[in-house]
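# pasting the sequence and the predicted model now:
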Amino acid sequence: MKMNGNEIKVGNIIKHQDTLWVAVKCNAVKPGKGGAFNQVEMKNLLDGRKLNERFRAAETVERVRLDQKPHTYLYDDGDAAVFMNSENYEQIHLQKDFIGDRAVYLSDGMAVELEFYEDKPISVSLPDQVTLEVIETEPVVKGQTAANSFKPAILSNGVRTAVPPFVGTGERLVINTEDGSYVTRAD
């Protein structure tokens, strides 16, 4: 699908220089002299490179639609993670470095979304939050209720994070998978 360069918005995936890019930042510029343009910061979906590019309104770019398919995480296979398509039960092996730092939050049976372009996996979307158990932290200290104080803790997946002082070992917490931060206690 073709679109004008000034119509590119954050999150759009476009084909540029024979590869796929996602728009990270967009800034419409209308200088006093000359024509308006869209200053777009893009990230390469295949290798992570960044690129700043100007697109004039008269330029056309190809907008790409990715196929999103529900998958279930099954297990680790060495340096790979195995996912199963929830619709046709086909399995796919993806390298953990393809998934990135968020691979530590994968747990058996977790529902994820895989995005494909021409039947090639492009990205893995994990849930925004996961529930994990605290396996090691400092003991709870009575009266330590300062609003912005945190203490280190090690979670059941081996990740270190900062938790409030009232959290003890064995408690289940909701953790943000984007940055590994504490959200709240689990019910």
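Sure, I can see it. Numbers count the residues shown, from 1 in each chain.
# tell me the predicted confidence for Val174.
Looking at Val174, its pLDDT stands at 93.
# the chain should start at 38 in everything you say after this.
All right, first residue 38 from here; so that's Val211.
# from memory it sits against Thr221, does it?
Yes. Using Cβ atoms under 8 Å, Val211 is in contact with Thr221, at 5.0 Å. Any C-beta I mention is one placed from the backbone N, CA and C, and that applies to glycine too.
# which residues does Met79 bridge with?
Beta-bridge partners recorded for Met79 (DSSP bridges): Ala60, Leu88.
# how many other residues sit next to it?
23 (other Cβ atoms under 10 Å).
# and if you look at the one 4 residues further on?
The tally of other residues near Leu83 (other Cβ under 10 Å) stands at 11.
# my read: it touches Leu57, true?
Yes. Using Cβ under 8 Å, Leu83 is in contact with Leu57, at 6.3 Å.
# joint contacts of these two?
Counting by Cβ atoms under 8 Å, 6 or more residues apart in numbering, the shared contacts of Leu83 and Leu57 are Ile159.
# which of the helices and strands in the chain ranks last by mean pLDDT?
helix 133-136 (a mean of 82; mean pLDDT, DSSP states H and E).
# name the helices or strands packed onto the next helix or strand after that one?
Next along the chain after helix 133-136, taking DSSP states H and E as the criterion, comes strand 148-154. If you count contacts as 3 or more Cβ pairs under 8 Å, 6 or more residues apart in numbering; DSSP states H and E, strand 148-154 packs onto strand 104-114, strand 157-162.
# what's around the closest residue to Arg86 other than its chain neighbours, how many residues?
Nearest residue to Arg86, sequence neighbours excluded (Cβ to Cβ, 6 or more residues apart in numbering): Lys80, at 7.3 Å. By other Cβ under 10 Å, 15 other residues sit near Lys80.
# ok, Thr174 next?
19.
# wait, it sits on Val204?
Yes. With contacts counted by Cβ under 8 Å, Thr174 reaches Val204, the gap being 6.4 Å.
# what is in contact with these two at once?
What both Thr174 and Val204 touch, as defined by Cβ under 8 Å, 6+ apart, is the set 188, 190.
# pull out the buried residues from stretch 159-179.
159-161, 163, 166-167, 169, 171, 174 (16 or more other Cβ atoms under 10 Å).
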